[in-house]
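Novice: quick one, structure for this:
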Amino acid sequence: MGKFERKIVLILVATAVVPLVVSALMLQGILRESFEVGVNARVRAQLDAGVAARRELVQEYKRRFDADAAAIAGSQALAKALRSGDDASLRRLLDAELAGSPNLVRLALEEETGPARVAVGRASSFPAKKYRTREIRIPIPDPGRSSAVRFVRATYAVPWALFHDFEEAGQFARTFGSLARSRGNLERWYRLVFVGILAAVLLGVTLTGVVVARRVTRRLGRLALAIESVAQGDLSIKVPVVAGDEIGDLTRAFNAMVSDLRGSRRRIAYLERLSAWQEIARRLAHEIKNPLTPIQLAVQEVHRQYQGEDARYRKLLDDTLQIVEEEIGTLRRLTGEFSSFARLPEVRPVSEDLWEFLRDCRHGLAIDEDVRVQWNVPDGECLVPLDRMLMKRVLDNLVRNGVEAARGAGVAAPRVTISGEVEPDGRRVRICVADNGPGIPVADRDRIFEPYFTTKPEGTGLGLAIVNKIVLDHGGEITVVQADTSRGGGAELVMALPLRSGSRW
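Specialist: Numbers count the residues shown, from 1 in each chain. So this is what the prediction gives:
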């Protein structure tokens, strides 16, 4: 893992871990405070006191019921009634006891075995859904010898709500005790959960950071290798753009820069060669032009001085004079082109409307009547740095070359199409000049703008070199593209000029 990758991973880990650790600490504090609010000694004491109070109340009921039953069994009235053996008296006595005790449900006098001797009750007043009953069987201390009754069975009723509240209080107290005992376990469990979450987050963030960092560093690494290649002079490198983010923008800018450098290198190399050829042309023009006039004058003088009657010799002199004058004319034209090539005027571009310039050229080019020129000029305005005189010379040369090529191929109606359009990226504008001639062979397209390269029997190979020089001085370039079959084939040359004077072109 590289340094940049480690930095990205550490930043992502810190960004994820710090809030988690702070949240864990805060949650631990909140849990502790929450336990302190509900699970503390004071609450425990109050719960225990409440449970004890309800337990005491239940025990108080039990003690009172036992005392009441014992009092009934040991009463003198009951002993007297038993000795009398009068069941009616016993029933009246039991009814009186039943009426005097609000919690008493049933009273019965029982022998050792068998059913109750006498029993009274009011079960309907104490429904089982609302009351809980408790039976107490008390032996009678002095039943008398004549009576077989030996026990008093008393049934008491207590509202279920009392026992329900007591049971709920006990359950709550037990739950509270369990919670208090498990407090440490809960805190440890929460800590383990947070440790697990933290570990999972660390792992996820680390893996995410490594993946993201490597995607970035891999692209930056390709860009760095490309920069090293460019530094070593390799301008053919091109880095693929795989995303539309800032690194993608940087990659596109780098590719554009390398393309500019590549074009600049080609232009510089071409201009250096062109400068050398211009110097050669200047010297050739000087060396050839100087002796032409003396040679022509000498031949003319020999022709003029001969006064003899020899017809054959006279004809020889006439033919010689004609040949010399024709060849000297050819040489003068050649030296004139050499001189024109060697003394190309300096391009002085100013901001001009290119579309208006093309519309003006419709009537300014020297075009024969049998030649059809089609102009496809957009409407509106298109400002470019332009030297009108030299650019008109470029168009004139391209149109003339297209017409000559078409006529040389036997085309009866030469046609040239001139069109203009702005490139999709909005940086340059293109001027296309296409003809319906035989076209330019693929093998010659890389050499066609070189000085002295020509396919015409009488050509000097300087016309397109001059055109290329003028276009380059405008900050543009000219190329040969595949001919558009919809225009009848032929050659198609495309000039690309910068839209703004401040363009990097």
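
Novice: strands of the stretch 151-300 of the chain, residue ranges please.
Specialist: 151-159 (DSSP state E, counting those that start in this stretch).

Novice: so where's it uncertain?
Specialist: 163, 166, 173, 176-177, 179-184, 286 (pLDDT under 70).

Novice: all helices of it, in order?
Specialist: 160-181, 183-231, 246-305 (DSSP state H, counting those that start in this stretch).

Novice: these: which one's closest to residue 327?
Specialist: Comparison of those against residue 327 by Cβ to Cβ identifies helix 246-305 as nearest, at 9.4 Å. (Glycine included, C-beta is placed from N, CA and C.)

Novice: how far does the helix or strand that comes right after that closest one sit from its chain's centre?
Specialist: For helix 246-305, the succeeding helix or strand toward the C-terminus, using DSSP states H and E, is helix 311-342. On the basis of Cα atoms, centre = their mean, to the nearest Å, helix 311-342 is displaced by 75 Å from the centre of the chain it belongs to.

Novice: and helix 311-342 with helix 246-305, angle?
Specialist: Between the axes of helix 311-342 and helix 246-305, defined by axes from the mean of the first three to the mean of the last three Cα atoms, to 10 degrees, the angle is 150 degrees.

Novice: okay, buried residues for the next helix-or-strand element following helix 311-342 please.
Specialist: For helix 311-342, the succeeding helix or strand toward the C-terminus, using DSSP H and E, is strand 350-353. For strand 350-353, the neighbour count (16 or more other Cβ atoms under 10 Å) marks residue 352 as buried.

Novice: again, but for stretch 150-160
Specialist: 151-158.

Novice: save the helices of the stretch 151-300 of the chain as JSON lines, and put in distance to residue 117 too.
Specialist: Listed next are these as JSON lines, based on distance: least, Cβ to Cβ, whole Å:
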{"stretch": "helix 160-181", "distance to residue 117": "31"}
{"stretch": "helix 183-231", "distance to residue 117": "61"}
{"stretch": "helix 246-305", "distance to residue 117": "107"}
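
Novice: compile the buried residues of stretch 150-160 into a markdown table and extend it with columns for distance to residue 26.
Specialist: Supplementary listing: the buried residues of stretch 150-160 in a markdown table, determined by distance: Cβ to Cβ, whole Å:
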| residue | distance to residue 26 |
| --- | --- |
| 151 | 70 |
| 152 | 68 |
| 153 | 66 |
| 154 | 63 |
| 155 | 61 |
| 156 | 57 |
| 157 | 55 |
| 158 | 50 |
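
Novice: and of the helices of the stretch 151-300 of the chain, who's closest to residue 30?
Specialist: helix 183-231 (10.3 Å).

Novice: what's the angle from the closest one to helix 246-305?
Specialist: Using the same axes, to 10 degrees: helix 183-231 against helix 246-305 is 10 degrees.

Novice: same for helix 183-231, what does it pack against?
Specialist: Packed against helix 183-231, as judged by 3 or more Cβ pairs under 8 Å, 6 or more residues apart in numbering; DSSP states H and E, are the following elements: helix 3-38, helix 246-305.

Novice: quick one: mean pLDDT for the first one?
Specialist: Per-residue pLDDT values over helix 3-38 give a mean of 73.
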